[in-house]
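Colleague: quick one: sequence and predicted model below, then my questions.
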Amino acid sequence: MSNFGRRTWNKEEYAAGLHDKGPQPYTENELRQLKAKYTDYNKLMQDSIKNLNQRTLQTNVSQYKKGKQFGFYCDLCDLTYKDTLQYINHLNHKTHELKFNSIFNEDLILNKRDNDDISTEEFEQSYKELLKDFVKENSTRTRQAKQAKIERKSTPTNDSKSEMAQLMGFQNFATSKR
């Protein structure tokens, strides 16, 4: 500090680059762990939704997402999300993919398939299978069978034919169970 209360700067420290207190580069072990964690998408989704619909009381939670706080933490982007929907949206977002690319120098999505690579025979075969399934599902015979099943469930049966039930007025009540 100077005599007037102003801060003085250490020029040698600034020139040496010690002033930068930003994120430190990852070690080899940390890089391997992060890469293993974020490349197995199915495992990542299962881990992130295993505590779904559970509530935890928390106090004094800030609204800022930067840094490690209570919630779902992304190690690559240094962000915390309060619920699984935001966290999964972040994992699928372009910013997360760009951060992964900048750290590991490779794509997050390994199985990219271009539509030009699909042969016409393969496309026609998949189209025929989809069309066949659609016709099977929506044919008149299956539609009629489904309607008959629904009608059977909805028609009431009148099993109580006793004289006492008629006197008490129970013949108007019906059940849909058979």
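Modeller: That came through, no problem. What you see is a predicted model, and the numbers here were worked out from it, not measured in a lab.
Colleague: CA only for contacts and neighbour counts going forward, please
Modeller: Will do.
Colleague: quick one: the strands in the chain, in order.
Modeller: For the chain, the strands defined by DSSP state E cover 72-74, 79-81.
Colleague: let me have these in TSV, extended by distance to residue 15, mean pLDDT and mean neighbour count.
Modeller: Formatted as TSV, the strands of the chain follow (distance: least, CA to CA, whole Å; pLDDT from 0 to 100; neighbours: other CA atoms under 10 Å):
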stretch	distance to residue 15	mean pLDDT	mean neighbour count
strand 72-74	33	84	18
strand 79-81	30	85	20
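Colleague: and the one residue sitting closest to the centre of the chain, what does it touch?
Modeller: Nearest to the mean C-alpha position of the chain, by CA atoms, centre = their mean, lies residue 88 at 4.4 Å. By CA atoms under 8 Å, 6 or more residues apart in numbering, residue 88 lies in contact with 45, 48.
Colleague: separation between it and residue 98?
Modeller: 16 Å (CA to CA, to the nearest Å).
Colleague: ok, residue 149 next?
Modeller: Taken as CA to CA, the span from residue 149 to residue 98 is 53 Å.
Colleague: more neighbours: these two, which one.
Modeller: residue 98 (15 against 11; other CA atoms under 10 Å).
Colleague: distance of the more buried one relative to residue 106?
Modeller: Residue 98 is 10 Å from residue 106, by CA to CA.
Colleague: for residue 163, same thing?
Modeller: 82 Å.
Colleague: what ranges do the helices span in the chain?
Modeller: 11-16, 28-39, 41-49, 84-91, 94-104, 120-137, 140-154, 163-168 (DSSP state H).
Colleague: with distance to residue 74 as extra columns, can I get those helices in CSV?
Modeller: Written out in CSV, the entries for those read as follows (distance: least, CA to CA, whole Å):
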stretch, distance to residue 74
helix 11-16, 31
helix 28-39, 9
helix 41-49, 11
helix 84-91, 8
helix 94-104, 9
helix 120-137, 38
helix 140-154, 48
helix 163-168, 67
